[in-house]
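Asks: Predicted model follows, preceded by the sequence.
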Amino acid sequence: MRSVVLPSGWVYQVFTLGGAHSNPLQVISFQTHSTLSLVICVDCAMGSGPSAAGPTDACAKYRKEAIMAEQKERTFIAIKPDGVQRGIIGEVIKRFETKGFKLVGMKMLHAPQDLLEEHYIDLKERPFFPTLMKYMTSGPVVAMVWEGKGAVKTGRVMLGETNPADSKPGTIRGDFCIDVSKNIIHGSDSVDSANTEIALWFKEGDLCSYSSCAASWLY
Ligand SMILES: O=P(O)(O)OP(=O)(O)OP(=O)(O)OC[C@H]1O[C@@H](n2cnc3c(O)ncnc32)[C@H](O)[C@@H]1O
Ligand SMILES: Nc1ncnc2c1ncn2[C@@H]1O[C@H](COP(=O)(O)OP(=O)(O)O)[C@@H](O)[C@H]1O
């Protein structure tokens, strides 16, 4: 049996996959925080059984499913009232579209106060919270869900820093705004918060699952 020493902060888990798989398959997943980094089949990793002839069919199938799941990561992006009023909706959509992300949900709404209080619950004790609520209820917002590999992390890079003054040119906040209290756009900061925010702003039936003909040119 082979053994590995994991760098600090990494964990591994061994589990058995059944269900959709024709053969029950035991896999080891290596993770750091919530990021799935590597999944390997026990047969292949341990050099026993079918691995002598290469990865098992089930392993290859699981890997393919894991890659496809990676491409389905979703992030919640909202154009704030100042972004709507300043006519930046099209520019934001253009940037996410031309990057290669897939739009799977979008709606314009006057966000109710209770929704915003839930959305910004972590900031409730911050001194600027009342200003933030006044700002976010000052006009309609455009709520969107974008899908693609690394959508959360890359989405944040595309947005820039919270304070536009710290945002590099080329980022949305770096190019289109000046002040932290009017920073035109929101983007989820982790996969977990993306899932929470999407569930808060959208009902499951509001989102569209579809294949994009561009996928094979992107991945
Ligand atoms: O949630 P989003 O809106 O994407 O923002 P963020 O992740 O970049 O940043 P924070 O949660 O720290 O702050 C949430 C928002 O609160 C506002 N905000 C943060 N700090 C602020 C401050 O010092 N004064 C006024 N508004 C502030 C600003 O609109 C931020 O985008
Ligand atoms: N110091 C601040 N003053 C005014 N508004 C702020 C300040 N910090 C954050 N905000 C507002 O609160 C929002 C949420 O903050 P936060 O979640 O920290 O950042 P981000 O929006 O980049 O995820 C910001 O986008 C911004 O609109």
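Replies: Received the coordinates, thanks. Ligands and ions are numbered 1, 2, ... in the order given.
Asks: Going by neighbour count, list what's buried in stretch 59-75.
Replies: Within stretch 59-75, the residues scored as buried using 16 or more other C-beta atoms under 10 Å are 59, 61, 62, 63, 71, 73, 74, 75. (Glycine included, C-beta is placed from N, CA and C.)
Asks: which stretches of this protein form helices?
Replies: According to DSSP state H, the chain carries its helices in the segments 42-46, 57-70, 81-85, 89-99, 113-119, 129-136, 151-159, 172-176, 191-201, 215-218.
Asks: In JSON lines: those helices, plus distance to residue 107 and mean pLDDT.
Replies: Below are the helices of the chain laid out as JSON lines (distance: least, C-beta to C-beta, whole Å; pLDDT from 0 to 100):
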{"stretch": "helix 42-46", "distance to residue 107": "45", "mean pLDDT": "61"}
{"stretch": "helix 57-70", "distance to residue 107": "26", "mean pLDDT": "80"}
{"stretch": "helix 81-85", "distance to residue 107": "12", "mean pLDDT": "98"}
{"stretch": "helix 89-99", "distance to residue 107": "12", "mean pLDDT": "98"}
{"stretch": "helix 113-119", "distance to residue 107": "12", "mean pLDDT": "98"}
{"stretch": "helix 129-136", "distance to residue 107": "15", "mean pLDDT": "98"}
{"stretch": "helix 151-159", "distance to residue 107": "18", "mean pLDDT": "98"}
{"stretch": "helix 172-176", "distance to residue 107": "20", "mean pLDDT": "98"}
{"stretch": "helix 191-201", "distance to residue 107": "8", "mean pLDDT": "98"}
{"stretch": "helix 215-218", "distance to residue 107": "24", "mean pLDDT": "96"}
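Asks: closest one to ligand 1 among these?
Replies: Distance to ligand 1, taken as C-beta to the nearest ligand atom, is lowest for helix 129-136 among the helices of the chain, at 4.8 Å.
Asks: who in this structure is up against ligand 1?
Replies: The chain comes close to ligand 1 at residues 123, 128, 131, 132, 162, 180, 181, 183, 186, 187, 189, as judged by C-beta under 6 Å from any ligand atom.
Asks: does the first one really touch residue 132, like I thought?
Replies: What it means is residue 123. Yes: under the criterion of C-beta atoms under 8 Å, residue 123 makes contact with residue 132 at 6.6 Å.
Asks: When these two are compared, which one has more neighbours?
Replies: The neighbour comparison of residue 123 against residue 132 (other C-beta atoms under 10 Å) goes to residue 132, with 17 against 13.
Asks: where's the most centrally placed residue in the chain relative to residue 128, distance?
Replies: Residue closest to the average C-alpha location in the chain (C-alpha atoms, centre = their mean): residue 152, at 3.2 Å. According to C-beta to C-beta, to the nearest Å, residue 152 and residue 128 sit 24 Å apart.
Asks: Residue 124 - nearest residue in space that isn't next to it in sequence?
Replies: residue 117 (7.2 Å; C-beta to C-beta, 6 or more residues apart in numbering).
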